[in-house]
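Asker: sharing a sequence plus its predicted fold:
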Amino acid sequence: MRRDPHPDSVAGRIATGAAIGAGALAAGAAIAAGVIAVYFARSVVTPPTRRTEDVLILANDESTITLSAAIDSMTPGRYSFFFDKDAGHARIGEIISFTPDTVTRALLGVDYGSLDGATRGRFSGWFYRTPADLGFPFEDVEISTELGPAPAWLVPAPQPSKHWVIGVHGRAVRRQEALRAVPVFREEGYTSLLVSYRNDGEAPGTDDNRYSLGDTEWKDVEAAMQYAIDHGARSIVLMGWSMGGATVLQAVTRSPLKVAVDGIVLESPVVDWVTALHYQGVAYRLPKVLRLGILGLVGGTWARRLTGQKTPIDLKRLDMVTRAQELHTPILLLHSEDDGYIPSTASAALARARPDIVTFEHFTTARHTRLWNYDADRWNGAIRAWLQKLPGAAN
């Protein structure tokens with residue numbers, strides 16, 4: 001029979017020390033895993049204050065700019081380019097030439113700041129900064145939300161119209177994201193209302209300054225719906241980008257004002273946050289146990305002190321694949337298969353679950369929330385054709 005070494009013997013002391021060391025390593029690993037899980041959970045619900053400038057500016061002249069080769073800089077299309085820690089903004093066009101390490105693109109214009117001396121920047125899908133860039137009349141208005149007045153842009157249709165579209169931006173950006181949709185909706189006779197919502201840096205914030213991933217933001221969209229109705233809207237289309245898509249889906253299933261909604265447009269949407277968060281965790285090579293821990297932190301009452309949330313997020317309630325039968329409004333769903341941030345798998349699952357109401361436009365290459373930037377003609381054409389098929393279309 002095997003006997004454990006006596007703790008007072010040399011062998012015993014070695015065995016005891018090894019056991020203590022192994023325990024310490026295991027405890028250290030557990031603590032490290034916990035710290036990582038808390039860090040990622042907090043990052044999911046906390047509005048960012050800084051953006052990473054991940055593209056090098058190598059050269060520029062009046063009509064071109066040369067950048068380091070990266071996924072963003074090598075993707076065809078038209079984009080915003082923020083530089084000098086967001087002190088500068090330029091609009092960048094198509095690729096002119098490239099090498100294995102660099103890419104030269106058309107420089108369409110510098111709106112503010114100077115590229116001379118700037119060394120780093122970042123791409124954005126905005127392209128337009130204000131409605132003035134579109135050349136249409138517009139008004140600055142305020143939406144009365146339960147937290148206070150939230151700023152919005154109102155771009156009237158060419159003729160008085162009872163048809164309105166409410167544009168809802170995604171996580172970590174602002175209402176400028178929705179400007180790209182104004183021209184096609186305006187051509188189809190829609191008044192556009194581009195809104196802000198809680199904790200986005202423009203609308204009133206909550207006490208905890210945390211995102212709810214659509215679980216409470218939908219109330220601000222509901223307030224925008226009420227504003228539209230009070231100002232003559234009788235038919236509303238809700239359009240949401242990324243987290244704005246999740247927010248729109250909550251509004252159309254939880255608000256009594258959903259009876260005024262005749263259509264939904266979703267661009268690169270979060271249809272199911274569990275799928276999205278697992279995807280992002282895999283991208284960071286986090287093991288499944290850590291990914292499950294992050295979900296538990298975001299959705300658990302016990303974890304509020306760790307994440308800073310006042311109220312946990314009901315991730316099951318945000319799963320619109322499971323809740324697909326609660327949807328009764330025509331949906332146009334636009335998603336790139338290589339989104340890179342929010343996988344298109346949940347969008348495809350929703351389209352399969354509700355082929356009676358979902359029109360799914362698959363894109364490739366375009367990446368997250370940049371479908372218009374990559375192929376504006378196709379993007380506008382898909383929206384235009386879908387709008388014209390809605391019952392009681394504006395045009």
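Answerer: Yes, it's here. Residues are numbered from 1 along each chain as shown.
Asker: C-alpha only now, for contacts and for neighbours.
Answerer: Noted.
Asker: ok, Thr359 - how many residues close by?
Answerer: Thr359: 17 surrounding residues under other Cα atoms under 10 Å.
Asker: what of Gly117?
Answerer: 11.
Asker: kindly report the same for Ser97.
Answerer: Neighbours of Ser97 using other Cα under 10 Å come to 12.
Asker: using the three-state scheme, assign the closest residue to it other than its chain neighbours.
Answerer: With sequence-adjacent residues excluded and distances taken as Cα to Cα, 6 or more residues apart in numbering, Ser97 is closest to Thr104, at 5.2 Å. Put simply, Thr104 is strand when judged by DSSP: H, G, I helix; E, B strand; the rest coil.
Asker: OK, contacts around Thr104?
Answerer: Applying Cα atoms under 8 Å, 6 or more residues apart in numbering to Thr104 gives the contacts 64-67, 95-98.
Asker: list just the nearest of the residues you listed to Phe363.
Answerer: Closest approach to Phe363 among these (Cα to Cα): Ile95, at 19.6 Å.
Asker: can you list contacts of stretch 146-156?
Answerer: Residues outside stretch 146-156 that contact it (Cα under 8 Å, 6+ apart) are 131, 136-144, 175, 182, 186, 190-198, 202-206, 220.
Asker: next one: stretch 349-361
Answerer: By Cα under 8 Å, 6+ apart, the residues outside stretch 349-361 that reach it are 271, 320-321, 324-325, 328-335, 348, 382.
Asker: which ones among the residues you listed map onto strands?
Answerer: 331-335 (DSSP state E).
Asker: measure Pro100 to Tyr227 for me?
Answerer: Separation of Pro100 from Tyr227 (Cα to Cα, to the nearest Å): 52 Å.
Asker: of those two, which one has the most company?
Answerer: Tyr227 (17 against 8).
Asker: now that one: which helix or strand?
Answerer: helix 218-230 (DSSP states H and E).
Asker: quick one: mean pLDDT for the following helix or strand past that helix?
Answerer: Downstream of helix 218-230, the first helix or strand assigned by DSSP H and E is strand 235-241. Strand 235-241 shows a mean pLDDT of 98 in the predicted model.
Asker: related to what we said a few turns ago, which of the contacts of Thr104 count as buried?
Answerer: Buried subset of the contacts of Thr104 (neighbour count, 16 or more other Cα atoms under 10 Å): 64-67, 95.
Asker: dump those residues into JSON lines; add secondary structure and pLDDT as well.
Answerer: Formatted as JSON lines, these follow (DSSP: H, G, I helix; E, B strand; the rest coil; pLDDT from 0 to 100):
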{"residue": "Thr64", "secondary structure": "strand", "pLDDT": "98"}
{"residue": "Ile65", "secondary structure": "strand", "pLDDT": "98"}
{"residue": "Thr66", "secondary structure": "strand", "pLDDT": "98"}
{"residue": "Leu67", "secondary structure": "strand", "pLDDT": "98"}
{"residue": "Ile95", "secondary structure": "strand", "pLDDT": "97"}
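Asker: perfect, I'm done here.
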